[in-house]
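Q: I would like the atomic coordinates for the input below:
(one chain, ligands or ions: 2)
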Amino acid sequence: MGPAHQPGAFALEVVETLIEAGHEAVWAGGCVRDLLMGREPGDFDIATDARPDQVREVFGRARSFAVGASFGVVLVRDRDGREDPVEVATFRTEGAYADGRHPDAVQFATRQDDARRRDFTINGMFMDPRTGEVFDDVGGRQDIERGLVRAIGEPEARINEDKLRMLRAIRFSASLGFALDPATAEAIAAHSQEITVVSAERIADEWRRMLSDTNRAVAVRLAIETGLLASVFPEVPTDGYDAAVERLGHLPQSATATVALAVLLVDVTDPGAMCERLKLSNRETDEVTWLVASRDGLDQAADQKRSRLFPLLAHPSRDGLFELIDAIERGAAGSGDDVAWCRSLLETVGSEELDPPPLVTGEDLIAVGLRPGPLFKTLLGSVRDAQLDGDVRDRDEALAWVHEIRRENEPDE
Ligand code: ATP
Ligand code: MG
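A: Ligands and ions are numbered 1, 2, ... in the order given. Purely as a prediction, here's the structure:
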């Protein structure tokens, strides 16, 4: 890691280089919005009238990569690889969208045209980073002042072009704390069922971003009001909507998208199927499934056997489970006693005790003549429980336990 750099310093340099080479170049879209709102931009995108091949000529082939050649996007990196590369996109318009997601063709165009192909007025501005001058042909500055997410142009037409914009609209509205422009909201409500033409990956990505944000409850409320929640998560019962929003509001700000998703899906019979439909990763799917399946696992924690409790407390998603149960409890004005009890237990019980090395392994069972199969698994589970519950304390006791169970199971076979 090099020394800390001024955010945007490299993106400023790229703009200056393009201008020195005789081109028009500006910062574009989200970074301009964030700067006008006094927020630090996540990244700085550049728009230019230079064609992709001209951009590559200015920076040299070694420092530039045509990432979205057909869209006119070139990635430019700095000389020593210290800064994140920036995207330089040629001003363009987009042709028809036959599939509701991708333009059939793009045409290089003027800065004004490029503003109009963008989704929302707050995202449709440019800035000269040398002077701070803002180029706003779409009323974006006024909408930032009013706190409004509004489609550029005719909302219905813009949503028909690209249905993903529906989810983007509620995401920006929730995360920025802006209202949805009524005409934009109406167009989303009218087309919410069509969100399914968008690929699962893109849908999932928007949900990840909404659910990891501290304003996740607002995002879900907007999704409910516009019908997008029902389209993406039809299995969530409508009479559970209010409870879901309330529970999400009780999650700590730092909760992950996966924990928030589990909170949303907690009353769904088969959350794993929904995760698979959204093409979530195996890790996410496993975590959501485990969290939902374990939601009652800490009930009466103080009276539970260690063999039932400790595997939950030793699980890598344990803290997420605490968050989920706390959120459910608070939503239901429950006591929260069980989670509190577990948290204090963890102050005295170390990981070695929660998840001790097994006294008996599969190899031991094979050594005494057992072959892997259902009984084998039962035996291992049972001796593990006995170990956690303190019924066997060393290897000899554990092996004796195995023999005992084996005898009980054998005669009938
Ligand atoms: P974020 O903070 O989420 O990154 P962003 O505004 O930078 O917000 P990006 O997805 O990074 O969003 O896109 C950059 C810009 O590209 C947007 O500000 C917008 O002008 C334009 N854009 C992105 N996606 C779309 C879309 N689906 N339709 C139209 N314009 C879009
Ligand atoms: Mg961005």
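
Q: how near is Asp213 to Ser254?
A: For Asp213, the distance to Ser254 equals 11 Å [CB to CB, to the nearest Å]. Just so you know, the C-beta spots here come from the backbone N, C-alpha and C atoms, and that holds for glycine as well.

Q: who's more crowded, these two?
A: Per other CB atoms under 10 Å, whichever of Asp213 and Ser254 has more neighbours is Asp213, with 17 against 9.

Q: List the contacts of the residue in the chain that ligand 1 sits nearest to.
A: For the chain and ligand 1, the shortest gap (CB to the nearest ligand atom) falls at Gly30, measuring 2.2 Å. Residues counted as contacts of Gly30 (CB atoms under 8 Å, 6 or more residues apart in numbering) are 41-43, 45, 123.

Q: So which of those reach ligand 1?
A: Contacts with ligand 1 are made by 42, 45, 123 out of these, judged by CB under 6 Å from any ligand atom.

Q: quick one: which of these is most hemmed in?
A: Ranked by neighbour count (other CB under 10 Å), those have Asn123 at the top, with 21 neighbours.

Q: Spatially, what comes nearest to that residue if we skip its sequence neighbours?
A: Nearest residue to Asn123, sequence neighbours excluded (CB to CB, 6 or more residues apart in numbering): Gly29, at 5.1 Å.

Q: and the ones next to ligand 1 among the contacts of Gly30 as JSON lines, adding pLDDT and secondary structure?
A: Output for the ones next to ligand 1 among the contacts of Gly30, formatted as JSON lines (pLDDT from 0 to 100; DSSP: H, G, I helix; E, B strand; the rest coil):
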{"residue": "Gly42", "pLDDT": "93", "secondary structure": "coil"}
{"residue": "Asp45", "pLDDT": "97", "secondary structure": "strand"}
{"residue": "Asn123", "pLDDT": "98", "secondary structure": "helix"}
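
Q: partners of the worst-scoring helix or strand of the chain on mean pLDDT in the sheet?
A: For the chain, using mean pLDDT, DSSP states H and E, the weakest element among its helices and strands is strand 106-108, scoring a mean of 86. According to DSSP bridges, strand 106-108 forms sheet pairs with strand 92-94 (antiparallel).

Q: Residues touching the strand it pairs with, excluding its own?
A: Counting by CB under 8 Å, 6+ apart, 71-72, 103, 105-109, 113-114, 116-117, 161 sit against strand 92-94.

Q: before we move on, what about stretch 259-277?
A: Contact with stretch 259-277 is made by 200, 207, 211-212, 216, 220, 233, 235-237, 240, 244, 247-248, 251, 284-285, 287-289, 291-292, 295, 317, 320, 323-324, 327-328, as judged by CB under 8 Å, 6+ apart.

Q: re the thing from before, ok, so of the contacts of strand 92-94, who is nearest Glu57?
A: For those, the closest approach to Glu57 (CB to CB) belongs to Gly72, at 14.3 Å.
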